[in-house]
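Novice: sharing a model that was predicted from the sequence below.
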Amino acid sequence: MAEFAGAFAASHGPLIIREWTAVPQPEKDRLTTAFKELGRRLAAAKPDVLIVVSPDHWSNFFLDNYPAVCIGVGETNDGPPEPWMKDFPHRTLAGHPRLASHLVNESMREGFEPTVSHRLKLDHGSCIPLWRMQLDTLPKIVPLLLNSIEPPMPSLSRCLQWGRFLRKAIESYAGKLRVAVLGTGGLSHSIGEKTMGAIHEDFDRETIRLFSSSEQSLISFLEKELPARGNGSEEVRNWLVAHGAAGGRGFELVDYLPVPAVIVGCGFASWRV
Ligand SMILES: [Fe+2]
């Protein structure tokens, strides 16, 4: 049977790449160290496959057709389409069709209804963390694109359920694989709205604290606070998937820092297996 190798989470604000030269040196150093440390922890978990849970930033889907959840079952995924991601070192990323199809089939059996794609473009949401973690070898990637940017979005509780489901499905897969989960996005940021650029450090720190509290406290806090904390903050859903996969236990924070130059409260965390 496959083994769950661990859960990880990282922010992915575009300006981490696009405006990197404008980031003050001390923050650049901390971001670089945090991504590398997360990469070290991920590499130490020795995953053969990484399920990357990210929103799609209009790279595969648009308002006319935006699924709540899409699982990539292809042999191959395409690298990021954004021109400013052109230096990302992979134009294609190997998938794992057999595990991905197992996740799809089991999810349907368990009452989830993801859509499926045989070839996805993995935009900056997936690829900034993969790039900045500086992994020597990239595991095979099973993308799970979760709508965490455009209402209506899956509920926060549903995201935890997806995480718990992933854990169970990984452990029921007939094959010798180590499988990790990476949730990307958040923490607080605001894109294309009147509050663009705002970072809510207090919200971010309380969210981080509550990941070590009860799931009910965490969900209640987020349900109340998210509507006023910037649209990008909704991406914390992907952290909830990682949290659910790890069994809802508190994570080990790698670092948290608000970075005005990239307009994101940047968080990095790993969950113990
Ligand atoms: Fe995003």
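Specialist: Great, that's in hand.
Novice: residues in contact with the longest helix along the chain: which ones?
Specialist: Of all segments of type helix in the chain, defined using DSSP state H, the longest is helix 25-44. The contact list for helix 25-44 (Cβ atoms under 8 Å, 6 or more residues apart in numbering) reads 6, 8, 10, 16, 20, 23, 50, 129, 132-136, 180, 182, 254-255, 257, 259, 261, 266, 268, 270. Where C-beta positions appear, they are placed from N, C-alpha and C, glycine not excepted.
Novice: give me the buried positions along it.
Specialist: Across helix 25-44, burial judged by 16 or more other Cβ atoms under 10 Å covers 27-28, 30-31, 34-36, 38-39, 41-42.
Novice: near the ion, which residues of the stretch 51-200 of the chain?
Specialist: 125, 185 (Cβ under 5 Å from the ion).
Novice: between the buried residues of helix 25-44, which is nearest residue 114?
Specialist: residue 42 (24.1 Å; Cβ to Cβ).
Novice: what about residue 267, neighbour count?
Specialist: 27 (other Cβ atoms under 10 Å).
Novice: from residue 245, how far out is residue 175?
Specialist: 18 Å (Cβ to Cβ, to the nearest Å).
Novice: low-scoring stretches of the stretch 101-250 of the chain, by residue?
Specialist: Across the stretch 101-250 of the chain, nothing is flagged by pLDDT under 70.
Novice: where do the helices of it begin and end?
Specialist: 124-132, 156-171, 201-210, 215-225, 236-245 (DSSP state H, counting those that start in this stretch).
Novice: now the angle from the last one to helix 215-225?
Specialist: Counting by axes from the mean of the first three to the mean of the last three Cα atoms, to 10 degrees, helix 236-245 points 170 degrees away from the direction of helix 215-225.
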